[in-house]
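Asks: The sequence and its predicted three-dimensional model are supplied below.
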Amino acid sequence: MAEEFVVVKDLYKSFKDIKAVDGVSFSIEKGEIFGLLGPNGAGKTTVIRMLSTVLPADKGEITIGGHPVKTGAEAVRSLIGVCPQDLALYEDLSALDNMVFFGRMVGMESKEAKDQAMSNLKLMGLEGRAKGKVGKFSGGMKRRINLAIALMGSPRLLFLDEPTVGIDPQSRNHIFNNVQELQKGGLTVLYTTHYMEEADRLCKRVAIMDGGQIIALDTPYNLKSKIGSPDSVTLEDVFLNLTGRSLRD
Amino acid sequence: MKRAFLITLNEVRLYLQDKGDLAFSLLLPILTFALMYGAFGGETMFKTTASIVDEDGGIYSQQLIEKLDDIDGISIDMLSAEDAEAKLERSDILLALFIPLGFSDNLASGDKAELIFKQRGNGGLEGQILAGVIRSVSAEIDQEFQVLHRVESNLEGESISASEIESTVNNLLDAERQQPALGVTEEVVGGSADFINQYLPGIITMYVLFAISMSARTIVEERRRGTLERLLTTHLNTGELFFGKFIANIARGFIQTLILLILSYAVFQIFTPLSFLACLVISLVFAAAASGLGMIIAAISRTEEAANWIAVVVTMFMVMMGNTFFQISEDSVLATVGKFSLNTYANEAYTTIIAQAGSLGDVWTQLVILAAVAVVGLIISRMIFRAVPGSK
């Protein structure tokens, strides 16, 4: 059995009367790309915020790399990189300045941060635009920079919160390939997306959330098998079957 | 602490990258200074030029012209008759004094001498004032001649030469001018006649208060960009984030004030080196207090609009209640309310240094209060801040 890098047990979080996360438990193996799917308002972002130490849980335990988040937040921050759903960039600064700044924030020295920034830019195919102002980049380029920043400090666990929203297929494909390459290098990934084919392509296992709870957790193949032939059923069919077809806020 | 200074450096870098914001914030104090200079940079007393045509050229016309030239605020422009006529015709000047030929001889012989004002219309306000001054000077000269003629007449037949009589009379008249029997005292009612000293403290405090608005937006902008959450997943803690922003906002507020103070130092020359340095210290501490207050607003604001509006209200309160541009009576309710305004203490400190030649030792109470506001503001803002709803 592979080593568990992330362990989440009985996680709860409420905002006033709203139960955003209502007893969520799962684990992620080391080197696994784990998908977290769900309609809007299911609680995915709240789960990520709790795992990334931004939000404290009301109840439950989270352990990342052997460190409990509640008492070892500093140690956890050394292990994680976060690529948020919304772009988190300083548009008036260059790509390189953005990356070096966040590299310094995760504890890197100046030269080390610069070197890794150039390396990550090369990985993203943006080494020629290092000195360019981020505000002038296309949407796809900004998404790639957003991801490149998350890789500063060589994290061992990467949170990818809908990293391919609103970008062109080429950039999307580039990000997929990067994620797969990084995973082969030992990186553990928690991946959220609304694009079911992405989850099907990338994730070893997928958890489907709705109403703050995990309603299904298995490999895409097994999930598809539960409702039909895995060759003809899609993960989207599974998703709609489990969460319903009514519109969500 | 290193990360806090990295935050400060990043803020400064962002500030320098925004060319529009940078130009505006550097040009605004220069523009304000130019307006101040235009309004208050000139002399506060009456100044005019007397256009004079001396057709006489004698000793007494020269005496009249010298007396006029000695009066503060009046400068002399000697013209030929043709030039003066031409200028009056074109309305380049509205009044000219003509000293006719024979003026000095008539005065010397005791005959009637006269001066002629040629003017367009009523000569304008300046012309009327100048004419009044010239009449006053010529009346003085007339009286001196009257005295001299009277003395000469009384001493007629005595064996005293005319030159000796004239010399003695002039000496007595000089002595009288040194210690006149009738004196004039000026009393200024309702504030200093020196407008620079009166208004400069208020203008400086206005600029420092900009630090409130800048501070108020700073955290909200991070939230809007999405970088706030990202920062909080790094090793940066909230205290370091706040401190870094706090220092950056002090720097921004201080830079504008520094420009204004340097220009005032160079042009108005109202500072000594020590008083200039003292004003810099006050500006720094006041900027810190404004920044602390701004950080509290930043901590409670969820949007940039909210931050801006709260900052505007707070700034207006500080300005209105803080003796910035008008004096508040000490025994009034407003004075009590004014004790909650940072401007009250800052204006007191600046006025003590600029207008009353005080030192930093004279304003230590004000500095301590402002420094306390800075520290408390930073602490409270950190305590009440929530990065995301439901966070610590």
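Replies: Done, it's in.
Asks: Could you identify the longest strand within chain B?
Replies: strand B:48-54 (DSSP state E).
Asks: roughly how far out does that one sit from the chain middle?
Replies: Here the centre of strand B:48-54 is set off from its chain's centre by 31 Å, with CA atoms, centre = their mean, to the nearest Å.
Asks: Quick check: which helices or strands does that strand pack against?
Replies: helix B:59-70, strand B:74-78, helix B:81-90, strand B:95-99, helix B:124-154 (3 or more CB pairs under 8 Å, 6 or more residues apart in numbering or on different chains; DSSP states H and E). C-beta coordinates here come from the backbone N, C-alpha and C atoms, glycine included.
Asks: quick one, which of those is packed in tightest?
Replies: The highest mean neighbour count among these, using mean count of other CB atoms under 10 Å in any protein chain shown, belongs to strand B:95-99: a mean of 23.
Asks: who touches that one?
Replies: B:50-56, B:61, B:64-65, B:79, B:81, B:84, B:87-88, B:115-120, B:123-124, B:127, B:130-131, B:134 (CB atoms under 8 Å, 6 or more residues apart in numbering or on different chains).
Asks: and what of stretch B:106-123?
Replies: In contact with stretch B:106-123 (CB under 8 Å, 6+ apart) are residues B:60, B:64, B:84-85, B:88, B:91, B:94-100, B:102-105, B:127-128, B:130-131, B:134, B:138, B:141, B:145, B:149.
Asks: ok, now stretch B:341-353?
Replies: With CB under 8 Å, 6+ apart as the criterion, stretch B:341-353 contacts B:197, B:200-202, B:204-205, B:208-209, B:275, B:278-279, B:282, B:286, B:289-290, B:293, B:317-324, B:338, B:358-360, B:362-363, B:366-367, B:369-370, B:373.
Asks: how about the helices and strands packed on strand B:48-54 in CSV, adding mean pLDDT?
Replies: Below are the helices and strands packed on strand B:48-54 laid out as CSV (pLDDT from 0 to 100):
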stretch, mean pLDDT
helix B:59-70, 91
strand B:74-78, 93
helix B:81-90, 94
strand B:95-99, 94
helix B:124-154, 87
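Asks: Relative to A:Asn40, which of the ones you listed is closest?
Replies: Within these, the stretch nearest A:Asn40 is helix B:124-154; the backing value is 75.7 Å (CB to CB).
Asks: Any of the contacts of stretch B:341-353 buried? List them.
Replies: B:197, B:200-202, B:204-205, B:208-209, B:275, B:278-279, B:282, B:286, B:289-290, B:293, B:317-324, B:338, B:358, B:360, B:363, B:366-367, B:369-370, B:373 (16 or more other CB atoms under 10 Å in any protein chain shown).
Asks: So what's the residue count around the residue nearest to B:Glu222 when sequence neighbours are not counted?
Replies: With CB to CB, 6 or more residues apart in numbering or on different chains as the criterion, B:Glu222 has its nearest non-adjacent residue at 4.0 Å, and that residue is B:Leu228. When neighbours are counted by other CB atoms under 10 Å in any protein chain shown, B:Leu228 registers 19.
Asks: my read: B:Leu228 touches B:Ile219, true?
Replies: Yes - assessed by CB atoms under 8 Å, B:Leu228 is found in contact with B:Ile219 at 7.1 Å.
Asks: what are the ranges of the strands in chain A?
Replies: A:4-15, A:18-29, A:33-37, A:59-64, A:67-68, A:80-83, A:157-161, A:188-192, A:205-210, A:213-218.
Asks: Let me know the angle separating the first one from strand A:18-29.
Replies: Think strand A:4-15. Angle of strand A:4-15 versus strand A:18-29, following axes from the mean of the first three to the mean of the last three CA atoms, to 10 degrees, is 180 degrees.
Asks: any idea of the mean pLDDT for strand A:4-15?
Replies: The average pLDDT within strand A:4-15 is 94.
Asks: same thing with the last one?
Replies: Per-region confidence: strand A:213-218 scores 92 on mean pLDDT.
Asks: same thing with the fourth one?
Replies: pLDDT averaged over strand A:59-64 equals 95, rounded to a whole number.
Asks: Check chain A and tell me which residue is nearest its centre.
Replies: A:Leu160 (2.0 Å; CA atoms, centre = their mean).
Asks: who touches it in this structure?
Replies: A:Cys83, A:Leu147, A:Ala150, A:Val179, A:Val189, A:Leu190, A:Tyr191, A:Thr192.
Asks: Go again with 10 Å.
Replies: A:33, A:35-36, A:48, A:81-85, A:146-147, A:150, A:175, A:179, A:189-193, A:198, A:202 (CB atoms under 10 Å, 6 or more residues apart in numbering or on different chains).
Asks: give me the subset of the residues you listed touching chain B.
Replies: Restricting the contacts of A:Leu160 to those touching chain B (CB under 10 Å from any CB of the partner chain) yields A:Ile48, A:Gly81, A:Val82, A:Cys83, A:Pro84, A:Gln85, A:Asn146, A:Ala150.
Asks: Show the buried residues in the residues you listed.
Replies: By 16+ other CB under 10 Å, these give A:Ile48, A:Gly81, A:Val82, A:Cys83, A:Pro84, A:Gln85, A:Asn146, A:Ala150 as buried.
Asks: now, among those, which is nearest to A:Lys136?
Replies: Among these, A:Asn146 lies closest to A:Lys136 (CB to CB), at 15.4 Å.
Asks: so that closest one makes contact with B:Gly226?
Replies: Yes - taking CB atoms under 10 Å as the definition, A:Asn146 is a contact partner of B:Gly226 at 9.0 Å.
Asks: List the buried residues of the helix or strand of chain B with the lowest mean pLDDT.
Replies: Taking mean pLDDT, DSSP states H and E as the measure, the helix or strand of chain B with the lowest value is helix B:19-40, at a mean of 74. By neighbour count on 16+ other CB under 10 Å, the buried set for helix B:19-40 is B:Ser25, B:Pro29, B:Thr32, B:Phe33, B:Met36, B:Phe40.
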